[in-house]
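J.: Provide a 3D model corresponding to the input given below.
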Amino acid sequence: MSSIQAPPQAAIRPAGEADLAPFFAYLDDHLRDNGTNGNPLFQPLPRDASRMPPGLRLAFIRGIVLDVGDPGWRRLWLAIGPTGDIAGHVDLRARPEPGAAHRAMLGMGVHRAWRRRGLGRRLLATAIDWAGNGAGMAWIDLEVLSGNTPAVDLYLDAGFDMVARIADMLRIDGVSHDLSYMTLKLR
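T.: Numbering: from 1, shown residues only. Now for the predicted structure:
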């Protein structure tokens, strides 16, 4: 009798300052998929300029060491594959508006080799658990390109509500894109 082995799982863990350089390399690679090879446009960046903006690097560097509640705080979790590669990530960050310290903004992505294996759901569950139980947040908010149906479906399945869809919000590579705003009430 032969046994069927389940594919290896990626371990999800919080990221620290030492993880940022490999994370930035992973994210630059991940962004090469933005709107290419049958993938939906998942970042509001032109296809030929899909790389991590310098300001975002700085936001991670500065934010990861700040206490939750401080303006600009950010938390990052990495999914690490069996060979040590970054398989995916999820991050939560402070909202920029004064008075919104009870809310967090979410961002996430899964490496092309790990998609459609449940990793996105696991990453999302990690962030939701931390925000609601660890950090005492009341809400998680996100923005997603409406045409990115795999992401929209993932968030809806996780309990997020679509609170707005703005038509023609962005024009990228000469194409109009709607932007959806979603939120999850934690408590």
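
J.: which residues of this protein score low on pLDDT?
T.: Applying pLDDT under 70 to the chain flags residues 1-7, 34-35, 39, 41.

J.: what ranges do the strands span in it?
T.: According to DSSP state E, the chain carries its strands in the segments 11-14, 74-80, 86-94, 103-110, 139-145, 161-172, 175-185.

J.: Give the pairing partners of the fifth one; include direction for each.
T.: Strands adjacent to strand 139-145 in the sheet, as given by DSSP bridges, are strand 103-110 (parallel), strand 175-185 (antiparallel).

J.: Would you mind confirming that residue 8 is in contact with residue 81?
T.: Yes - with contact defined as CB atoms under 8 Å, residue 8 and residue 81 form a contacting pair (7.0 Å). Any C-beta I mention is one placed from the backbone N, CA and C, and that applies to glycine too.

J.: Look up how far residue 71 lies from the spatially most central residue of the chain.
T.: By CA atoms, centre = their mean, the chain has its centre lying nearest to residue 108, at 1.2 Å. Between residue 108 and residue 71 the computed distance is 22 Å (CB to CB, to the nearest Å).

J.: what does residue 27 give?
T.: Distance from residue 27 to residue 71, by CB to CB: 23 Å.

J.: Looking at the two, which is more packed in?
T.: Shown here are residue 27 and residue 71; by other CB atoms under 10 Å, residue 27 has more neighbours (19 against 11).

J.: which residues does the more buried one contact?
T.: 52, 89, 109 (CB atoms under 8 Å, 6 or more residues apart in numbering).

J.: Include distance to residue 146 and neighbour count when you put those residues into TSV, please.
T.: Shown next, in TSV, are these (distance: CB to CB, whole Å; neighbours: other CB atoms under 10 Å):
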residue	distance to residue 146	neighbour count
52	23	19
89	22	23
109	17	22
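
J.: List just the nearest of these to residue 15.
T.: residue 89 (7.7 Å; CB to CB).

J.: Was I right to think the closest one contacts residue 75?
T.: No - here residue 89 does not reach residue 75: they are 11.0 Å apart, not a contact under CB under 8 Å.

J.: Could you tell me the end-to-end distance of stretch 42-52?
T.: 13 Å (CA to CA, to the nearest Å).

J.: got the buried residues for that stretch?
T.: Buried residues in stretch 42-52, counted by 16 or more other CB atoms under 10 Å: 42-45, 50-52.

J.: Same question for stretch 113-129.
T.: For stretch 113-129, a neighbour-count test (16+ other CB under 10 Å) marks 114-115, 117, 119-120, 122-124, 126-128 as buried.

J.: again, but for stretch 76-95
T.: So for stretch 76-95, counting by 16+ other CB under 10 Å, buried means 76-81, 86-94.
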